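**Student:** pasted the sequence and its predicted model underneath.
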Amino acid sequence: MKKKYILPIILFTVLLTGCTKAFLDRKPLDSYDDSNFWYNEENVRLHSYYYYATYFPGLGGGWTRRAFSMEYSHADYYVNTSGGGLTFASTTPNTGAGGYGQNYCDLEWNDNYTWIRRANVFIKRLKEVSAGTWGADSEKYKHWMGIARFFRAVRYSDLVFGFGDCPWYSEPTDVMDELCKPRQSRFVILDSIIKDFDYAVNNVRTSDGDNTILNRYSVAAVASRYMLRFGTINKYMVGANIEDADDLWKGHPDMAATYLQKAIDYAQIIIDSRKYDIVTPYREVFTQDDLSSEKEAILAQHFQTGMRTHCIVSYNNYNEGHSNCIGAYFVSNVLCYDGKLAHETTVVADPMGDDYGKLYTVQDNSIFKYHDPRLEAILKSVTTLNNGAKCAPYTTKGIGSRYYVRKYMPRQWEHYTAAEAAANTGSKSASNFTDYPAIRYAEVLLNWIEAKAELATVGGPAVTQEDIDKSINKLRDRPIANNADKNPSVCTEKLAHMDLTNLPNDPRREPDVPALIHEIRRERMVELYDDGFRGPDIRRWKKWIYWGMQRDGKPGKMNDGVADAQGYTNYTAGQEGNLRQCGAYFELDALYNRWQESIAAEAAIDVNASDYDADAHQILKNQIKEDKAAYDAFAGRAGNLYCINKNGELVRWDQQTTQESLEKMRGWWLYNGTVGLTQYTNIRDRVWVGAIPITQFTYYKANGYEGNLKQNSDWSEVLGA
């Protein structure tokens, strides 16, 4: 059923390139114009499709991946080719997107207001035209008014979350006094946002087609997402005085409970519907050709060869990759399947002693057998290729960390050799056609339980074990793909249930974060990996800057916790030390020895023997290539191969293949050693919030309204300061 919507969306997007008004002012050949377009419900439906690609970018289209741009620049668990991860602006934003540069701020500010105007036009036409035909009390009118008000609420939510106070427009206007009016209180605007969301969740249809079309539950899911953001940012970004006109963005703790309760209420609507569930193995949620019957997909994004395709799988295939990859910090935060933390506290991998290889390397799949099965679903494991060889556990393609992400790669394609993968149209370039869950039920459950836990700290009821069972433990009960026809998961155990009376004792937990909230955040990090939430999450928790400063150029146990001459104390955490800038754990001697063993085994084959097996011989030849590729993923760096060993020593390979030389290269991979390990120790507090684009001050001044617009604290109204 859903495929019929693709062509209208594409055609209407082409027609409406530019602004909605331009389209409405043009009288089309079928005789529709602005005076009669809005009488017909199918026309209104067609107009609503115009918003989808921008509001729910998901995997974008072609090479576009806008949904993940913030994830790479502002997520704390990535390691990239420069050794960095989080990006910060040190001066007035004037260039670039990664550090809230002016180009980025201009895009976010202006783009949001463009879509707010379009939503207001939508609302105005419904009031002035559609209501007269359908009746203002009709179900049809209320549904579409709910959709239009939802579109407006989403864009204002983005503005308030990113900038704080901003001008509010409830209808389209060309009056200069209105266009250049001062910023209005974010708390007043949030009242209006909530009214829009409330209207939408009370009036949008529970079903208006298949799951590629907005309904009451997708609207409620997004509303819950934003209310959780506002609840937590008001709790943690303390400093606002609601009556203080000079405070333009900080949070007010008295407002936190209001927004957290709304987050719970909106999520509860979806939970109570019993329409959605967690019944599919993790990776399979992201790799299906058709999500129309997927119980977890509240809103799905459909792709189809020849119509609309994407590129995400090409970043997960055997030939291509990207520089931004999860590093050792992410892996070290994934629980062992008994629900405990590695290294010394877990019981499932005992006895291990200090064998870090079993916990962190992918060379024999131990890392996956011992951990939360979602880790195996996210990362590349050792599988048997179609040529009979065991694939290389490491590759040079994901050069940021050497952990290679496979979250979006269908399991049935994992057996492909490099040549077969290159020939598979569906997994290369921008021709990928797997569907994408733009809104997942998993997120709703995590929003719900986090809001409950946060509300409990500001006077709300305590979280119960029943609450945990309905949310986090439902996610942990997700099936494992160990019965898949091809490339089944190597995991045999589901992650143990969370027990409120026996939460992990994580030495990395900050004293200001209760253990339960810490564990809920861990669950979000793993479950919502690469879904685009990590950047906003760590900002609303007020951890963005502090965690950025933990990327201090002293990885592993190089951190001694002793203050330097400037008074800066390096970050220390846990048995392994600071892993925020560390890549994959590897053991060069094991990789080299495995390669040499394959060479020796192949050399020992007597091709003239009566029992000679040509097929087995070819498999061994293939294995030599794979083993060499795994070794070269590190040794290929030659004189620039560095690691941090478990004792905190920075080790550089001397390029010798003696056992002693190889054995010393056991540790966490560092791209270019300490070169590029940026030390973020001077991050200014102003980057908690975006700067009002300088072009806005220019616009106000040019139209005679200089002084009407105020900049956020510590940001300048001119470039370069």
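**Tutor:** Received it, and whenever you're ready, just let me know what you need.
**Student:** tell me how far Asp174 lies from Thr434.
**Tutor:** Distance, Asp174 to Thr434, using CB to CB, to the nearest Å: 44 Å. Backbone N, C-alpha and C define where each C-beta goes, glycine included.
**Student:** of the two, who's got more company?
**Tutor:** Set Asp174 next to Thr434 and count neighbours by other CB atoms under 10 Å: Thr434 wins out with 23 against 6.
**Student:** phi, psi of that one?
**Tutor:** Main-chain dihedrals, Thr434, degrees, to the nearest 10: phi -70, psi 150.
**Student:** pLDDT score for it?
**Tutor:** pLDDT for Thr434: 85.
**Student:** nearest spatial neighbour of it, skipping sequence neighbours?
**Tutor:** Thr287 (5.4 Å; CB to CB, 6 or more residues apart in numbering).
**Student:** so who does that neighbour touch?
**Tutor:** Thr287 makes contact with 408-411, 434, according to CB atoms under 8 Å, 6 or more residues apart in numbering.
**Student:** in ChimeraX, how would I select the buried members of the residues you listed?
**Tutor:** With 16 or more other CB atoms under 10 Å as the criterion, this ChimeraX line picks the buried residues out of these:
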select :408,409,410,411,434
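**Student:** go through the contacts of Thr287 and say which is closest to Val219.
**Tutor:** Thr434 (25.2 Å; CB to CB).
**Student:** mind listing what that closest one touches?
**Tutor:** Neighbour list for Thr434: 286-289, 303, 310, 312-313, 408, 410, 426 [criterion: CB under 8 Å, 6+ apart].
**Student:** any quick ChimeraX command for the buried ones out of those?
**Tutor:** Burial among those is assessed by 16+ other CB under 10 Å; the matching ChimeraX selection reads:
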select :286,287,288,303,310,312,313,408,410,426
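**Student:** just give me the least confident of the contacts of Thr434.
**Tutor:** His310 (70).
**Student:** what is the burial count for Thr492?
**Tutor:** 10.
**Student:** checking it next. Helix, strand or coil?
**Tutor:** The assignment at Thr492 comes out as coil when based on DSSP: H, G, I helix; E, B strand; the rest coil.
**Student:** what ranges does the stretch 101-250 of the chain have for its helices?
**Tutor:** Using DSSP state H, counting those that start in this stretch, the helices of the stretch 101-250 of the chain run over 102-125, 131-134, 139-163, 176-179, 186-203, 216-236.
**Student:** what residues of the second one count as buried?
**Tutor:** When neighbours are counted by 16+ other CB under 10 Å, the buried residues of helix 131-134 are found to be 131, 134.
**Student:** what's next to that helix, contact-wise?
**Tutor:** Contacts of helix 131-134 (CB under 8 Å, 6+ apart): 39, 41, 140-141.
**Student:** any idea how far it is from the chain center?
**Tutor:** 42 Å (CA atoms, centre = their mean, to the nearest Å).
**Student:** in the stretch 301-450 of the chain, where is pLDDT below threshold?
**Tutor:** In the predicted model, the stretch 301-450 of the chain carries pLDDT under 70 at residues 311, 318-319, 321-323, 343-344, 349-354, 398-399.
**Student:** just the strands in it please.
**Tutor:** Per DSSP state E, counting those that start in this stretch, the stretch 301-450 of the chain carries strands over the ranges 325-326, 436-440.
**Student:** correct me if wrong: Arg374 contacts Glu527.
**Tutor:** Yes - using CB atoms under 8 Å, Arg374 makes contact with Glu527 at a distance of 6.9 Å.
**Student:** could you pull up the mean pLDDT of stretch 47-65?
**Tutor:** Rounded mean pLDDT across stretch 47-65 is 77.
**Student:** how about the residue of the chain positioned farthest from its centre, secondary structure?
**Tutor:** Farthest-out residue of the chain from its mean C-alpha position, per CA atoms, centre = their mean: Ser610, at 57.0 Å. For Ser610, the secondary structure call by three-state DSSP comes out as coil.
**Student:** quick one, phi/psi of it?
**Tutor:** phi -70, psi -30.
**Student:** I'd like the distance between it and Val79.
**Tutor:** 53 Å.
**Student:** likewise for Asn432?
**Tutor:** For Asn432, the distance to Val79 - CB to CB - is 25 Å.
**Student:** if you count surrounding residues, which of the two has more?
**Tutor:** With neighbours defined as other CB under 10 Å, Asn432 and Val79 compare such that Val79 has more, 34 against 25.
**Student:** leaving out sequence neighbours, find the closest residue to the more buried one.
**Tutor:** Leaving out its chain neighbours, the residue that sits closest to Val79 by CB to CB, 6+ apart is Gly327, at 3.6 Å.
**Student:** contacting residues around the one you found?
**Tutor:** So Gly327 contacts 77-79, 85, 400-401, 403, 579-584 (CB under 8 Å, 6+ apart).
**Student:** ok, so of those, who is nearest Ile692?
**Tutor:** Nearest to Ile692 among the contacts of Gly327: Gly85, at 26.7 Å, using CB to CB.
**Student:** pLDDT below threshold where in the stretch 451-600 of the chain?
**Tutor:** In the stretch 451-600 of the chain, residues with pLDDT under 70: 564-570, 573.
**Student:** tell me where it has helices.
**Tutor:** With DSSP H, counting those that start in this stretch as the criterion, the stretch 451-600 of the chain has helices spanning 465-470, 472-476, 515-527, 534-540, 544-549, 588-603.
**Student:** who does the shortest one touch, helix- and strand-wise?
**Tutor:** Packed against helix 472-476 by the contact rule (3 or more CB pairs under 8 Å, 6 or more residues apart in numbering; DSSP states H and E) you find helix 441-456, helix 515-527.
**Student:** any idea how this structure splits into domains?
**Tutor:** Following the TED database, one gets these domains for the chain: 42-60+104-276, 642-711.
**Student:** check Gly639 and give its pLDDT.
**Tutor:** At Gly639, pLDDT is 80.
**Student:** isn't it up against Gln655?
**Tutor:** Yes - under the criterion of CB under 8 Å, Gly639 makes contact with Gln655 at 6.1 Å.
**Student:** overlap of the contact sets of those two?
**Tutor:** With CB under 8 Å, 6+ apart, Gly639 and Gln655 have no common neighbours.
**Student:** most widely separated two among the contacts of Gly327?
**Tutor:** Spatial extent of those (CB to CB) is set by the pair Gly85 and Ala584 at 15.0 Å.
**Student:** show me which of the two is the more surrounded one.
**Tutor:** Taking neighbours as other CB under 10 Å, Gly85 and Ala584 compare with Ala584 leading, 29 against 25.
**Student:** count of neighbours near Pro488?
**Tutor:** A total of 14 residues lie near Pro488 under the criterion other CB under 10 Å.
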